[in-house]
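Undergrad: A structural model of the following input is requested.
(one chain, ligands or ions: 1)
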Amino acid sequence: MVMRAFIFVVAVLGLVGSAFAQPQSVESSLTLFENVRIFDGKSEALSASMNVLVRGNTIEKISKDPIPASSSAGVRTIAGGGRTLMPGLIDMHWHAMLVRPSVPVLLTADVGYLNLMAGAEATDTLMRGFTTIRDLGGPTFGLKRAIDEGVLPGPRIYPSGAIISVTSGHGDFRQPFELPRTIGAPQSRQEQLGAAMIADSPDEVRVRVREQLMLGATQIKLTAGGGVASPHSPLDASTFTEAELRAAVEAAENWGTYVTVHAYTPDSIQRAIAAGVKCIEHGHLMDQQTAELIADKGIWLSTQPFPDEMANAFPPGSLEREKAYEVFAGTNRTYEFAKKYKIKTAFGTDILFSPQLAPRHGQLLASLVRWYTPAQALIMATSTNAELLGLSGKRNPYPGKLGVVEEGALADLLLVDGDPIANIALIENPAKNFVVIMKDGKLFKNSL
Ligand SMILES: [Zn+2]
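TA: Model (predicted):
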């Protein structure tokens, strides 16, 4: 009876299913940015001098003329001085839990330690101007909740939860002595953490996908092919059958969202598209035929300008480092294909196991100028990325417009000391050049 009463109380209070809780409602505070030039996330040119009023978590008014609210009490006024107001940056391939630890630390450390590391990194991520990240694998549900509740500063997180991988796939970090796996046996460490789950049949895939959806995943991530950081998967391997991929797609679509897959090679990309996958992560080893297919089917390409230093996460002479260089060699061709075939292309970095690379987050975005104008690069990292976030449909935990500066959009804003379209290098030094950082209408930095 006591137990039943307890369950009733828990249910009434809505404590169950809190993974879907909306972020804390913000106070209806007013912030007025005066005399700012706007990069709105879509246009390649800055606006003339404008005034922007933020009420609560929303951009309420943008006007050339003075906004009367400036005279009312309680409004926080920021004198822009002609600086640039732009949308917060979005990283579409992030691993909030995996940025700082090395692979051995991830697999052996206390989970409390891992979460604290990830929390500190999340705060740094926000302070680099990345106000939203799409997390493509790792146990981020708790971190997301803590950030949304204001426990610590961090970006909005669109979590995938655990990466779903086949045995020996990109996502299988088990040791050979842990084989064979018996269905129903205790889980491996990576599974206990919720970092990656193994699935070797359509039925197992369905279970794993639905588990992540129950935990609050906004999209599902599968590994359709071999990868760099994984110890057992050759780069050329295709690691799920089409039926397995389709099982994931069905489960995700029944839940109103979509599947994205890690895939480098033509075979793994083509199979994933045949199974109904909506987004390809990486794609660095694609060929022309595959690029045309991606374009024709309107599939998203979420790719990354990997810097060579990224290979330093792996020991010299290791197989992982060799695989990294093989992938990096395809970066230029992939961006050339993306441009040539007008593929819907999202920006992300996939910085993982590299605490030394994370501070260069903005530099990786700026490195897109090898293929795009600064304006095009910034549009990709704001409104285009936000468009891909929209594929989560009703599973979007942050209803409202992201990636743009316009009336009615969510107030995720950066005030840049200069013009990032004329000088994209400004985003490489956020500590100096992002003088205001606002997320959800709240100020996290104001150095003016
Ligand atoms: Zn990744």
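Undergrad: the residue of the stretch 51-200 of the chain found nearest the ion: neighbour count?
TA: Nearest residue of the stretch 51-200 of the chain to the ion: residue 136, at 4.9 Å (CB to the ion). In short, each C-beta sits where N, CA and C put it, glycine included. For residue 136, the count of nearby residues is 27 (other CB atoms under 10 Å).
Undergrad: isn't it up against residue 95?
TA: Yes. The criterion here is CB atoms under 8 Å, and residue 136 meets it with residue 95 at 6.4 Å.
Undergrad: common neighbours of these two, please.
TA: Common neighbours of residue 136 and residue 95, counting by CB atoms under 8 Å, 6 or more residues apart in numbering, are residue 350.
Undergrad: need the residues that contact the helix ranked longest in the chain.
TA: Determined from DSSP state H, the single longest helix within the chain is helix 111-127. For helix 111-127, contacts defined as CB under 8 Å, 6+ apart pick out 91, 94, 96-97, 99-101, 105-106, 133, 138, 140, 142-143, 146-147, 152-155, 157, 193, 355, 358-359, 361, 430-431, 437, 439, 444-445.
Undergrad: returning to what we had before: check contacts around the residue of the stretch 51-200 of the chain closest to the ion.
TA: Contacts of residue 136 by CB under 8 Å, 6+ apart are 93, 94, 95, 160, 163, 221, 260, 262, 281, 348, 350.
Undergrad: how does it look with 7 Å?
TA: 93, 94, 95, 160, 221, 281 (CB atoms under 7 Å, 6 or more residues apart in numbering).
Undergrad: which residues in the stretch 251-400 of the chain form helices?
TA: With DSSP state H, counting those that start in this stretch as the criterion, the stretch 251-400 of the chain has helices at 266-274, 288-297, 319-328, 331-340, 361-366, 374-379, 385-389.
Undergrad: just send these back as TSV, with distance to the ion and mean pLDDT too.
TA: What follows is the helices of the stretch 251-400 of the chain, written out as TSV (distance: least, CB to the ion, whole Å; pLDDT from 0 to 100):
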stretch	distance to the ion	mean pLDDT
helix 266-274	15	98
helix 288-297	18	98
helix 319-328	12	93
helix 331-340	15	98
helix 361-366	14	98
helix 374-379	20	98
helix 385-389	15	98
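Undergrad: any chance of JSON lines for those, columns mean neighbour count and distance to residue 167?
TA: Shown next, in JSON lines, are these (neighbours: other CB atoms under 10 Å; distance: least, CB to CB, whole Å):
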{"stretch": "helix 266-274", "mean neighbour count": "22", "distance to residue 167": "16"}
{"stretch": "helix 288-297", "mean neighbour count": "16", "distance to residue 167": "26"}
{"stretch": "helix 319-328", "mean neighbour count": "17", "distance to residue 167": "18"}
{"stretch": "helix 331-340", "mean neighbour count": "18", "distance to residue 167": "28"}
{"stretch": "helix 361-366", "mean neighbour count": "22", "distance to residue 167": "32"}
{"stretch": "helix 374-379", "mean neighbour count": "22", "distance to residue 167": "39"}
{"stretch": "helix 385-389", "mean neighbour count": "22", "distance to residue 167": "30"}
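Undergrad: each with direction, which strands does the longest strand along the chain pair with?
TA: In the chain, taking DSSP state E as the definition, the longest strand is strand 30-38. Sheet pairing for strand 30-38, assigned by DSSP bridges, gives strand 49-55 (antiparallel), strand 75-79 (parallel), strand 84-87 (parallel).
Undergrad: all set now, cheers.
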